[in-house]
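Asks: below is the sequence, then the predicted model.
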Amino acid sequence: MTHVLLNRRDLLAAGGALLALGASGHHLPASAQGLAPTPSMRGGSNNYRPDAPIVERIGGGGFWMSGTVRRAGDGAPLQGQRIQIWAHTTEGHERDPHSHGATLTDENGRFRLEMPQIVPAFGQAHGHLAYDSGEFETVFLRPLMASAKDTSLEAHFVLTPV
Amino acid sequence: MLEARKRLVKACLIWSAVATAVAVPFIAATLSPLLAWREPVYIVACLAGAVGLGLMLFQPLLIGGALPGFSPYKARGVHRWIGALLVAAVVVHVAGLWITSPPDVIDALLFRSPTPFAAWGVIAMWAIFAVAIMVALRQRLGLRPRAWRIAHTLLAAVIVIGTAVHSVLIEGTMETVSKVALCALVVAATLKVIVDKRVWQSRARRAEQRQTD
């Protein structure tokens, strides 16, 4: 499922990025030995709500979603990237707005957001993450928890410039 | 007199075994901790799935003549009614899930769901609907009894296997042990009836076989 929902901020960011990169960004040869971009996962975008607000934590917390964001090819960590997170938790369904939140990556390309405990929904304990800020290709992830009792989950993004 | 009492005891034992096999998984499902974090529509959808699986156990038992108190004719009538209830349970299950999370159900119906169990459930659903349509159009289809029997049995096998795999792979409201036990019973009962009834043989051949047995 593709979401073509752009707000002005996204457009400005994407436009700025394009200007900064110039045309060269587009024609970077994809080096075979370089880091391959992360493909979106099946069902990753289900119940996505664009523009989840950046929050200190989602709800009461107690569960940690973390991961990294790197650039395809050279694997450079990407700072200040907005990662949106949502899941079916002890505090709400995936569709509920209060189940959604976003956070930014630090200088090492790492992100970490506290949220309520994820509980199995639709037969699997899973979370959803999105990169959808326009500068890089959109990626939707749907990582599974090894056990429903886990109190943390990781997901890693390798993004390719638009 | 003694014979009659023996028969009664046997009937009571069979019925309580079947009732336990169906009721325990359902009661366990209603006690699932997951329900605390689900909305009523989602809960109804989940329990409709558990009800459907439970109803499925009666179908081969009725046709195999394993349930005391039903003549073969009566058993067929009840089999048909339970089939109708099964269709209703599937409709409630899918509709409730759809209301809860439309994209997940659309993915499942289009066979592009990330969850491996979804496709098995969808296949079983279509097989259940196919049986219902076949039953509704039985006169008009004009199938010979043997063709009818084989088609119905093949669909029943798809339904039972699809449902069992679907249920076992899900981490859902049903409690694991009682769920797997019920699935195993449904599969075993179906298999036994298919073998015992020699579904693939013509009526004359089956009658002949019965005499020599």
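Replies: That came in fine, so what should we check first? Numbering: from 1, shown residues only, chains lettered A, B, ... in the order given.
Asks: the residue nearest the centre of chain A bridge partners, please.
Replies: Geometric centre of chain A, nearest residue: residue A:130, 3.1 Å, by C-alpha atoms, centre = their mean. With DSSP bridges applied, residue A:130 shows beta-bridge pairing to residue A:84, residue A:140.
Asks: near chain A, which residues of chain B show up?
Replies: Where chain B comes near chain A, counting by C-beta under 8 Å from any C-beta of the partner chain, the residues are B:34, B:36-39, B:42, B:97, B:100-101, B:103-104, B:107, B:112-115, B:117-118, B:169-172. Backbone N, C-alpha and C define where each C-beta goes, glycine included.
Asks: quick one: the helices in chain A?
Replies: In chain A, the helices defined using DSSP state H lie at A:8-21.
Asks: how about the residues of it near chain B?
Replies: A:1, A:41-47, A:88-90, A:93-95, A:119-125, A:142, A:148.
Asks: if you set the cut-off to 7 Å instead, what comes out?
Replies: A:1, A:41-43, A:46-47, A:90, A:93-95, A:119-120, A:122-125, A:142, A:148 (C-beta under 7 Å from any C-beta of the partner chain).
Asks: residues contacting residue B:120?
Replies: For residue B:120, the contact set (C-beta atoms under 7 Å, 6 or more residues apart in numbering or on different chains) comprises B:162, B:165, B:166.
Asks: what pLDDT, on average, does the helix or strand encompassing the last one get?
Replies: Spelled out, it's residue B:166. Using DSSP states H and E, residue B:166 maps to helix B:145-169. For helix B:145-169, mean pLDDT is 95.
Asks: contact partners of it?
Replies: B:53, B:56, B:116-117, B:120-121, B:123-124, B:127-128, B:130-131, B:134, B:143, B:174, B:179-180, B:183, B:186-187, B:190, B:194, B:199-200, B:202-203.
Asks: got any ranges where chain B has weak pLDDT?
Replies: B:1, B:209-213 (pLDDT under 70).
Asks: tell me the centre residue of it?
Replies: The centre of chain B sits closest to residue B:56, judged by C-alpha atoms, centre = their mean, with a distance of 1.9 Å.
Asks: contacts only, for residue B:47.
Replies: B:29, B:30 are the contacts of residue B:47 under C-beta under 7 Å, 6+ apart.
Asks: I'd guess it is in a helix, am I close?
Replies: Yes: the assignment for residue B:47 (DSSP: H, G, I helix; E, B strand; the rest coil) places it in a helix.
Asks: of the contacts of residue B:120 - the most surrounded one?
Replies: Among these, the one with the most neighbours (other C-beta atoms under 10 Å in any protein chain shown) is residue B:166, at 24 neighbours.
Asks: could I get stretch B:34-52 in CSV with only the CA atoms?
Replies: Extracted in CSV, the C-alpha atoms of stretch B:34-52 (Å, rounded to 0.1, in the frame of the first residue of the first chain):
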residue,chain,number,x,y,z
LEU,B,34,-5.3,-11.0,25.4
LEU,B,35,-9.0,-10.2,25.6
ALA,B,36,-8.3,-7.5,28.1
TRP,B,37,-6.7,-5.4,25.4
ARG,B,38,-9.2,-6.0,22.7
GLU,B,39,-12.4,-4.2,21.7
PRO,B,40,-15.7,-6.1,21.8
VAL,B,41,-15.9,-6.5,18.0
TYR,B,42,-12.4,-8.0,18.0
ILE,B,43,-13.3,-10.4,20.9
VAL,B,44,-16.5,-11.6,19.1
ALA,B,45,-14.4,-12.2,15.9
CYS,B,46,-11.8,-14.2,17.9
LEU,B,47,-14.4,-16.3,19.7
ALA,B,48,-16.4,-16.9,16.5
GLY,B,49,-13.2,-18.6,15.2
ALA,B,50,-13.1,-20.8,18.3
VAL,B,51,-16.8,-21.6,17.9
GLY,B,52,-16.3,-22.5,14.2
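Asks: buried sites along it?
Replies: Neighbour-count burial for stretch B:34-52, with 16 or more other C-beta atoms under 10 Å in any protein chain shown as criterion, is recorded at B:34-35, B:37-39, B:42-52.
Asks: and residue B:6, what helix or strand is that in?
Replies: Counting by DSSP H and E, residue B:6 is part of helix B:2-30.
Asks: for that helix, the distance to its chain's centre please.
Replies: 18 Å (C-alpha atoms, centre = their mean, to the nearest Å).
Asks: tell me which of the contacts of residue B:120 is nearest to residue A:51?
Replies: Lowest distance from residue A:51 to the contacts of residue B:120 (C-beta to C-beta) belongs to residue B:166, with 36.0 Å.
Asks: buried ones among the residues of chain B next to chain A?
Replies: By 16+ other C-beta under 10 Å, those give B:34, B:37-39, B:42, B:97, B:100-101, B:103-104, B:107, B:113-115, B:117-118, B:169-172 as buried.
Asks: quick one: residue B:6 and residue B:68, what's the gap?
Replies: 12 Å (C-beta to C-beta, to the nearest Å).
Asks: when those two are compared, which one has more neighbours?
Replies: residue B:68 (13 against 10).
Asks: and the more buried one, what does it touch?
Replies: B:10, B:11, B:14, B:15.
Asks: using PDB, write out every CA atom in stretch B:153-172.
Replies: Provided in PDB are the C-alpha atoms of stretch B:153-172 (Å, rounded to 0.1, in the frame of the first residue of the first chain):
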ATOM      1  CA  THR B 153     -15.300 -34.900   0.900                       C
ATOM      2  CA  LEU B 154     -12.400 -33.200  -0.900                       C
ATOM      3  CA  LEU B 155     -13.800 -29.800   0.100                       C
ATOM      4  CA  ALA B 156     -14.200 -31.100   3.700                       C
ATOM      5  CA  ALA B 157     -10.600 -32.200   3.700                       C
ATOM      6  CA  VAL B 158      -9.500 -28.800   2.500                       C
ATOM      7  CA  ILE B 159     -11.600 -27.100   5.200                       C
ATOM      8  CA  VAL B 160     -10.400 -29.300   8.000                       C
ATOM      9  CA  ILE B 161      -6.700 -29.100   7.100                       C
ATOM     10  CA  GLY B 162      -6.800 -25.400   6.300                       C
ATOM     11  CA  THR B 163      -8.600 -24.700   9.600                       C
ATOM     12  CA  ALA B 164      -6.300 -26.800  11.600                       C
ATOM     13  CA  VAL B 165      -3.100 -25.300  10.200                       C
ATOM     14  CA  HIS B 166      -4.600 -21.800  10.500                       C
ATOM     15  CA  SER B 167      -5.500 -22.300  14.100                       C
ATOM     16  CA  VAL B 168      -2.200 -24.000  15.200                       C
ATOM     17  CA  LEU B 169       0.000 -21.300  13.700                       C
ATOM     18  CA  ILE B 170      -1.900 -18.400  15.300                       C
ATOM     19  CA  GLU B 171      -0.800 -16.800  18.500                       C
ATOM     20  CA  GLY B 172      -4.200 -15.800  19.500                       C
END
